[in-house]
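K.L.:
A predicted structure for the sequence below; I have some questions about it.
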Amino acid sequence: MPALFVTATGTNIGKTFVSCGLISRLRQEGRTVEAIKPVVTDFDPAAAGASDPAILLAALGRPQADIPAISPWRFKAPLSPDLAARREGRAIDFAQLVDFCQAAIGSAKDALLVEGIGGIMVPLDDRNTVLDWMLALRLPLILVTGSYLGALSHTLSAVDVLRGRDLRIDAAVVSESVASPVPLDDTVAVIARFVQPIPVFALPRLPPGTLGHPVFAQLADLL
């Protein structure tokens, strides 16, 4: 069963948008695709329909009521998971998180996406980061980054860390940042030069509600 972990160089970069575009493409191809985003912060139950899990579920053609099934660890504060959980007198049990993902991997009928949270080094608890989560699962990665000023250093640093831990990066996606002073194609060209042979894809800003772009067809080939 093919599965991918979608991670990023930071928060609000475009993980969910990339995941939704890939889901849409796979469904167009007649594939059975599932997705989980186990950990979510900045989650307001009163506005759950605007949350990342709800957006993923809409792409999957599933109801908003399924949010607990794909996102068991939900926290209200817009902070890192460890801090957001602490605000509520809670903590993420790392072993349970890994078990939840492995169960999803084992039960998926076809393709599965596991969407992380924030960047690769975001703390999940007092000891573990998203990097530790990815190491526990050992899934191939899609690394999402932006075209903002500073993205080059952030991206190359992330790739260096991931490669240093022998994690496989199947693709890097440069999601065009709002009002970036750096041309998207220039950012892609520089990243590609330093991270080869990892394929690097340019994803321009698309009109609201649009999930169709050739990048998603290329990413679908990974699954």
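P.N.:
It's in.
K.L.:
just checking, V98 touches A136?
P.N.:
Yes - using C-beta atoms under 8 Å, V98 makes contact with A136 at a distance of 4.6 Å. In this view, the C-beta of every residue, glycine as well, is placed from N, C-alpha and C.
K.L.:
which residues do those two both contact?
P.N.:
Common contact partners of V98 and A136 (C-beta atoms under 8 Å, 6 or more residues apart in numbering): none.
K.L.:
which element follows the helix or strand where A35 lies toward the C-terminus?
P.N.:
According to DSSP states H and E, A35 maps onto strand 33-36. The helix or strand immediately downstream of strand 33-36 is strand 39-40, counting by DSSP H and E.
K.L.:
Paired strands for that next one, with orientation please.
P.N.:
strand 73-74 (parallel) (DSSP bridges).
K.L.:
Show the average pLDDT along the partner strand.
P.N.:
Per-residue pLDDT values over strand 73-74 give a mean of 98.
K.L.:
go on, stretch 132-151?
P.N.:
Computed over stretch 132-151, the average pLDDT equals 97.
K.L.:
what distance separates the start and the end of it?
P.N.:
Length of stretch 132-151, first residue to last, C-alpha to C-alpha, to the nearest Å: 23 Å.
K.L.:
going forward, begin numbering at 42 instead of 1
P.N.:
I'll keep to 42 as the first residue from here, and by that count the last item is stretch 173-192.
K.L.:
That one: which residues count as buried?
P.N.:
For stretch 173-192, a neighbour-count test (16 or more other C-beta atoms under 10 Å) marks 173-175, 177-178, 180, 182-189, 192 as buried.
K.L.:
Then stretch 137-150?
P.N.:
138-139, 141-142, 145-146, 149.
K.L.:
Which of the residues you listed fall within helices?
P.N.:
138-139, 141-142, 145-146 (DSSP state H).
K.L.:
And those residues, which is closest to P104?
P.N.:
Within these, the smallest distance to P104 is 18.2 Å, found for A145 (C-beta to C-beta).
K.L.:
what sits up against stretch 96-109?
P.N.:
Contacts of stretch 96-109 (C-beta under 8 Å, 6+ apart): 57, 60-61, 64-65, 68, 74-76, 78, 89-90, 92, 94-95, 111, 115, 156, 252.
K.L.:
Could you turn the buried ones of those into a ChimeraX selection?
P.N.:
Burial among the contacts of stretch 96-109 is assessed by 16+ other C-beta under 10 Å; the matching ChimeraX selection reads:
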select :57,60,61,64,65,68,74,75,76,78,92,94,95,111,115,156,252
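K.L.:
Next, the residue lying farthest from the centre of the chain: secondary structure please.
P.N.:
Each residue of the chain has a distance to the centre, and by C-alpha atoms, centre = their mean the biggest one is for G130: 26.3 Å. For G130, the assignment made with DSSP: H, G, I helix; E, B strand; the rest coil gives coil.
K.L.:
Identify the residues contacting it.
P.N.:
Per C-beta under 8 Å, 6+ apart, neighbours of G130: none.
K.L.:
and if you look at the one 3 residues further on?
P.N.:
Remark: with contacts taken as C-beta under 8 Å, 6+ apart, I133 is in contact with 80, 114, 122-123, 126, 165-166.
K.L.:
Tell me the secondary structure of it, please.
P.N.:
Going by three-state DSSP: I133 is coil.
K.L.:
phi, psi of it?
P.N.:
The phi/psi pair for I133 (degrees, to the nearest 10) reads phi -80, psi 130.
K.L.:
re earlier: mind putting the contacts of I133 in TSV, secondary structure, distance to S216 and neighbour count included?
P.N.:
Below are those laid out as TSV (DSSP: H, G, I helix; E, B strand; the rest coil; distance: C-beta to C-beta, whole Å; neighbours: other C-beta atoms under 10 Å):
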residue	secondary structure	distance to S216	neighbour count
V80	strand	21	25
W114	strand	25	22
P122	helix	22	26
D123	helix	26	19
A126	helix	27	20
L165	coil	23	26
D166	coil	28	16
